[in-house]
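Participant: here is my input; please provide its structure:
(3 chains)
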Amino acid sequence: MRLRVPLLSAAALLVAVALVAAGCGGGGDKKGAGGDGKQAAQQVLRMAWGAEPPSLDPGLATDTTSSNVLLNIMDPLVRLGDDQQPVPALAESWDVDGKVVTFHLRDDGRWTNGDPVTAHDFEYSWKRTLDPKLAADYAYQLYGIVGAQAYNEAKPAQAAALRDKVGVKALDDRTLQVTLTSAQPWFVQQMAHHSFLAVHRPTVEKHGAKWTEPGNIVTNGAFKLAGWKHDASITLVKNADWRNADEVALDRVEGRIIVDGTTRVQAFEAGEVDALDGGGLPPADMARLKQLPEYEKYPALGTYYYGFNLKNIPDVNQRRAMAFAIDRRSIIDNVAQADQIPATGMVPQGMPGFDVIKQDFLPVRADLDKAREFMDRAKSPKRKITLFYNDSPGHKEIAVAVQGMWKELGIDVTIKAQEWAQYLQFLGPPPSDAVYVYRLGWIGDYVDPMNFLELWTSKSGNNNSRFASPAYDRLIEQARSTADDDARYELYRQAEAMLTGPQGELPITPIYWYTYTNLERESVKDTFHINLLDQFDLSKVVIEEA
Amino acid sequence: MAAYIIRRVVWTVPVVLLVIFMTFTLMKQIEGNPFRKTERAVPAAVQANLERKFNLDRPWYVQYANYVRGVATGDLGPSLVLRDRTVNDIVEEQFPRSIELGLLAFGWAVLLGVPAGVLAALKPNSRFDYGSMLFSNVGFALPNFLVATLLIYFVSVKWGVLPTSGWTTWQHKILPSFTLGLVPMAYFARLVRGTMLETLQQDYVRTARAKGLRRRRVVGVHVLRNSLIPVVTAAAPLLGYIITGSFIVENIFAVPGIGRYYVTAVSARDYSVVMGLTVLLSIIVIVANLVVDILYGILDPRTREART
Amino acid sequence: MSVTEIAGRLAGVDAGAPIRQSSLWQDAWRRYLRNRGAVAAGVVFLLILAWCVVAPIVSPHDPNRIAFSDAYQGPSWSHPFGTDQFGRDLFTRAALGGRISIGIGFGATLAILGVGVVYGAISGFVGGKLDNALMRFLDALYGLPYLPFAILALAIIGTVNFWTMVVALSIASWFITARVVRGQIITLKENDYVRAARAVGVRWYAVLGRHLLPNTLGVLVITIFLELPGVILGEAFLSFLGLGINPPDASWGSMAQDGRDAYRAHPHIIVIPSLAIATLVLCANFIADGLRDALDPRTKET
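Facilitator: The predicted model follows:
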């Protein structure tokens, strides 16, 4: 009888001991001698993907995982170079003449079934993506091409006629001519996006929606899709017939799909995988992971921001006060923890023209004196506000921190979480009247400030703030057709100033600019690289001897 | 009995229709756009193309009718989000794994839970009673995600005995099925203990004992049989729980099953996947309940009269 | 809510024979007190409740004050449970979290029991066509996905709060109770004394109230204390999906979930709420056993 109480506490103790023991466990496991540059005999990379690719059809893919698999099994026309300029890939050169861009394709591009890769493949693929019947989510990535939007919007009856008016034409097997709606200086490097990859027409027509299955798929990149067990694994093998196969070291890439962030780290620490896909490490574990020799970080093109609903917080002085009360440095050091960069503007650091565009008005550390000054100037400031965020990991903690910071201004913040799909619906535009402040982020599709600044035009579907300024719209419209970089950056500077400058309207207050963080075994650390757009090129990876 | 079974089987048709209707209505009530997966706004033209492609631009009763027709012919439709796959593909490929996981978990539960309950009841309030109840309940008392995380940490990362995650070899299957089995294990142990204690006090058991029947025989024949009735009743819903409730386990152990898809599909508003899996699951549960009711009748003849 | 209150509520189910019942409950209470394990569990349970109620009132720490300089402290005299990543005192926060978790737990359990008993009793007692229809409807409900219910509740009420959680956790959980109650009623209905009662013309509600429901109590007591932990863990499950209570408030489930990623570096953040959940669940189980033995006189001579 007397046993019950001790047993109860014994159980509690047991659990406690187990947990504490878990905490005390050693840090990283085996550490290699740090690559001496020698290539290991076995060139097999085991990696963990953060998600099941929803589609390996370049026309239908919309997410990072699909995009990264695709860009390793397919050859884009250009890739993004280290200086963010386009470098030749399948296209050996290109001419830009105002609105007309002409790509010259290499003659040794081959599909895995032996067919040559031609300009016709691209014409077919892009028009296929725009076909209203395919209903591609990312069709709008191609809207910069003349006639593209009209074809994508076409009623079935006019579709065929409008299809022929799309400004993409294969002049011969190796020449692809594209006519744009305006001079878009970023168009060539936009080719590094997976939406502009080519598909193999006979394969697509033969297998329909099933053409991406491993047995059916025909690709043209450095690797072949050897296996794809849905939701479990993706196996890539070297494509020996690829134009540049001699320079590819890896024979195989054995990928496992592990969605849960903590499990992904555990699989890495148990030695089951050699690299993660950069899909993010668990924020709460960052402090520990950053100490590991396998930890790696890369700059990203992305801005994490809080938007204001201008209808509910109409006084710009209050918005300024709130923006000044946020301690960006503290949020990064104590909450987000992934070495992000404190964001003082919409256009992220690392973007070409950043030095011209940046405003440096918002503080990195909270400036409470100024914030209170602004707050005093605000006419009937709102002291009870509601902050909305979506329920993915990490956002809650930042919201709690900001809630505490705004409390210093005498603003009482209620935090509310919503599930993602519902949240997006809730934000509009226009946003629900319940929203005072919302959190969102933007990750670049291509490397030009346009991609970040056009969000805030009055007709933009991503402008959830109710900020609407004809002057701002005009600036963006003007920039869209300004080919000269310096002139365009000047226009961007004016636009950024209207958002986050000293006289800016502050429809948003940026919090940080993203970084990509990753774990990579030291044997691959030197050659595994994630670029600004979250892409990694496995053809460059070499496994070195430990 | 035969008439009863036939009637129950016939009844499954309206029940399944009701399930489809309720899920359909439910999903339509939840806000959200299946075609907007990221913060990127979807242009009106793209949205219209997508709705046309998936027939979401039709009135709701046409959509419902189409869907029911599809289900009747075994076609659960395309996934709105996983564009290369149909719901049938997903079900065929991933459902067997969830069933396997569920059955293995159920195996753990029966293997460890029932004996723990029986033995505890035979010696109530003994050390053994408390010990086995505690053993079967500690795992249950802790949040699933904690147990899973700790098991992976100790067994896989620290000791390197079993793989962390995945579903390929039998070694991969031990940790996930054990974790998933903890809840039903505790449930069975408690249930069996409770009903055993109750049965042991029934008059007929006392009579049997008084008549001098050996304890072992009494327990074996009379008590155990009657004590297992509630277990059988609980088994069907538990099976449903195990198969759908495996979300956390499948997610953490990276098991490519259906439980995880179910939840993700709801979040992504992938209507066709949610509907397809719901219909499938409800059929399983309905059949399981049917089997239970029949077993119930066989195990406890007293109820037969009430139901035929 | 205390053990006696629960017992009282359970007693309230049986309104048929007050005089006999009061002595039955007194007997039960005496029997319960003789079971030291159950008493100990009840005491621990009450201590947890007391801590949840009192600690936030007397604590010198503001549970929502953010001070990053105090982040991730281990247990100490001023912070017996340490602090979290915001430097907030976990002793106070865990107590507040307990209020929410236990509150949600009892709220949802009572809802489950109420709906389940009514539904199951009607179905089992009336029998026939109605029973069949009710059971088939239950079959359909069984098949429905649980999460859309939760998300729908969330969508209708607008956000996650205490009552949303109660609704979300009970709305799809009463089916088992209903089935169990029905099964018991059907079995009992065939007992001689029930047949006898009906044969002599005792009204149906008297039969139900006096003979049937009291005899399902054994099962109900097990159910209530099986549901309570289930609900509390279910709340942790919703937190895992990100559908937890809104910050800066927290429940044990959401606190444990917050600590999961940091389990290696700062184990106390997940230890505290998990231990709280585990202790509560184990207590609930021991109390259930104690109540069960106490309420069912037939087992007392074992």
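
Participant: quick one: secondary structure of the residue in the stretch 1-150 of chain B that chain A sits nearest to?
Facilitator: Residue nearest to chain A within the stretch 1-150 of chain B (CB to the nearest CB): residue B:41, separated by 2.6 Å. The way it works is simple: take the backbone N, C-alpha and C, and place the C-beta from them, glycine included. Following DSSP: H, G, I helix; E, B strand; the rest coil, the label given to residue B:41 is coil.

Participant: that one is in contact with residue A:464, isn't it?
Facilitator: No: if you go by CB atoms under 8 Å, residue B:41 and residue A:464 don't touch, sitting 9.2 Å apart.

Participant: which one's more surrounded, those two?
Facilitator: Set residue B:41 next to residue A:464 and count neighbours by other CB atoms under 10 Å in any protein chain shown: residue A:464 wins out with 26 against 20.

Participant: from chain C, how far out is the nearest residue to that one once chain neighbours are set aside?
Facilitator: Counting by CB to CB, 6 or more residues apart in numbering or on different chains, residue A:464 lies nearest to residue A:427, which is 4.4 Å off, once chain neighbours are set aside. Note on residue A:427: its distance to chain C, by CB to the nearest CB, to the nearest Å, is 15 Å.

Participant: enumerate every residue touching residue A:427.
Facilitator: Residue A:427 makes contact with A:388, A:435, A:438, A:440, A:464 under the criterion CB atoms under 8 Å, 6 or more residues apart in numbering or on different chains.

Participant: farthest pair within these?
Facilitator: Greatest spatial distance in the contacts of residue A:427: A:435 and A:440, 11.3 Å, computed using CB to CB.

Participant: overlap in contacts, those two.
Facilitator: Residues touching both residue A:435 and residue A:440 by CB under 8 Å, 6+ apart: A:427, A:464.

Participant: so what does the longest strand seen in chain A touch, helix or strand wise?
Facilitator: Secondary structure of chain A per DSSP state E: the longest strand is strand A:295-308. Helices and strands touching strand A:295-308, by 3 or more CB pairs under 8 Å, 6 or more residues apart in numbering or on different chains; DSSP states H and E, are strand A:437-443, strand A:508-519.

Participant: in its sheet, what does that strand sit against?
Facilitator: Strand pairing for strand A:295-308, determined by DSSP bridges: strand A:437-443 (antiparallel), strand A:508-519 (antiparallel).

Participant: deepest of those, which one?
Facilitator: Of all these, strand A:508-519 has the most neighbours on average by mean count of other CB atoms under 10 Å in any protein chain shown, namely a mean of 25.

Participant: for the helix or strand where residue C:188 lies, name the packing helices and strands.
Facilitator: Following DSSP states H and E, one finds residue C:188 within helix C:174-189. Applying 3+ CB pairs under 8 Å, 6+ apart, one finds that helix C:174-189 contacts helix B:224-244, helix B:304-307, helix C:90-126, helix C:128-143, helix C:213-240.

Participant: picking that back up, please tell me the pLDDT value assigned to the residue nearest to residue A:464.
Facilitator: Looking at residue A:427, its pLDDT is 88.

Participant: and residue B:37, by the same measure?
Facilitator: 78.

Participant: now the one 4 residues further on
Facilitator: Per-residue confidence at residue B:41 stands at 83 (pLDDT).

Participant: what residues are up against it?
Facilitator: Residue B:41 makes contact with A:460-462 under the criterion CB under 8 Å, 6+ apart.

Participant: can you check residue A:108 too?
Facilitator: Applying CB under 8 Å, 6+ apart, one finds that residue A:108 lies in contact with residue A:243.

Participant: poorly predicted segments of the chain, please.
Facilitator: You didn't say which chain, so I picked chain A. Counting by pLDDT under 70, chain A shows low-confidence ranges at A:1-37.

Participant: my bad, chain C
Facilitator: Low-confidence segments of chain C (pLDDT under 70): C:1-25, C:143-160, C:217-219, C:221-222, C:226, C:296-302.

Participant: most distant residue from the centre of it?
Facilitator: residue C:200 (39.1 Å; CA atoms, centre = their mean).

Participant: for that residue, what are phi and psi?
Facilitator: Dihedral pair for residue C:200: phi -90, psi 10, per degrees, to the nearest 10.

Participant: centre-most residue in the chain?
Facilitator: Reading this off chain A. residue A:443 (4.3 Å).

Participant: could you do chain C instead?
Facilitator: By CA atoms, centre = their mean, the most central residue of chain C is residue C:228, 2.2 Å off.

Participant: returning to that earlier point: now, which of the contacts of residue B:41 sits nearest chain B?
Facilitator: Taking CB to the nearest CB as the measure, chain B lies nearest residue A:461 of the contacts of residue B:41, at 2.6 Å.

Participant: name the nearest residue to the closest one, ignoring sequence neighbours.
Facilitator: Once flanking residues are discounted, residue A:461 sits nearest to residue B:41: 2.6 Å by CB to CB, 6+ apart.

Participant: surely the residue nearest to the centre of chain A touches residue A:301?
Facilitator: Yes: Residue A:443 sits in contact with residue A:301 when judged by CB under 8 Å, with a separation of 6.7 Å.

Participant: so what sits against both of these two?
Facilitator: Shared contacts of residue A:443 and residue A:301, defined by CB under 8 Å, 6+ apart, are found at residue A:514.

Participant: burial count for residue A:225?
Facilitator: Neighbourhood size, residue A:225 [other CB under 10 Å]: 26.

Participant: what's the host helix or strand of it packed up against?
Facilitator: Using DSSP H and E, residue A:225 sits in strand A:223-229. Strand A:223-229 makes packing contacts with helix A:64-73, strand A:233-238 when contacts are defined by 3+ CB pairs under 8 Å, 6+ apart.

Participant: what's the local residue count around the residue in the stretch 51-200 of chain B that chain C sits nearest to?
Facilitator: Residue nearest to chain C within the stretch 51-200 of chain B: residue B:141 (3.7 Å; CB to the nearest CB). When neighbours are defined as other CB under 10 Å, residue B:141 has 27 of them.

Participant: got it, and residue C:115?
Facilitator: Residues near residue C:115, counting by other CB under 10 Å: 17.

Participant: thinking again about what came up before, would you list the contacts of residue B:41 in JSON lines and tack on secondary structure and neighbour count?
Facilitator: As requested, those are exported to JSON lines (DSSP: H, G, I helix; E, B strand; the rest coil; neighbours: other CB atoms under 10 Å in any protein chain shown):
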{"residue": "A:460", "secondary structure": "coil", "neighbour count": "18"}
{"residue": "A:461", "secondary structure": "coil", "neighbour count": "17"}
{"residue": "A:462", "secondary structure": "coil", "neighbour count": "17"}
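
Participant: for those, which one is nearest residue B:69?
Facilitator: Compare each of these with residue B:69 using CB to CB and the shortest gap goes to residue A:461, at 35.1 Å.

Participant: is stretch C:75-87 positioned near chain A?
Facilitator: Yes: contact of stretch C:75-87 with chain A (CB under 8 Å from any CB of the partner chain) involves C:85-86.

Participant: quick one: end-to-end length of that stretch, please.
Facilitator: 12 Å (CA to CA, to the nearest Å).

Participant: quick one: is stretch A:338-358 near chain B?
Facilitator: No: judged by CB under 8 Å from any CB, stretch A:338-358 stays clear of chain B, getting no closer than 14.0 Å.

Participant: start to end distance for that stretch?
Facilitator: Chord length of stretch A:338-358, first to last residue, is 23 Å (CA to CA).

Participant: chain center to it, what's the gap?
Facilitator: 15 Å (CA atoms, centre = their mean, to the nearest Å).

Participant: just the buried residues of that stretch, please?
Facilitator: A:338-354, A:356-358 (16 or more other CB atoms under 10 Å in any protein chain shown).

Participant: what about residue A:101, which SS state?
Facilitator: When classified by three-state DSSP, residue A:101 comes out as strand.

Participant: list the contacts for residue B:269?
Facilitator: With CB under 8 Å, 6+ apart, residue B:269 has these contacts: A:421, B:27, B:30, B:32-34, B:80.

Participant: no, scratch that, I was asking about residue B:69
Facilitator: By CB under 8 Å, 6+ apart, no residues touch residue B:69.
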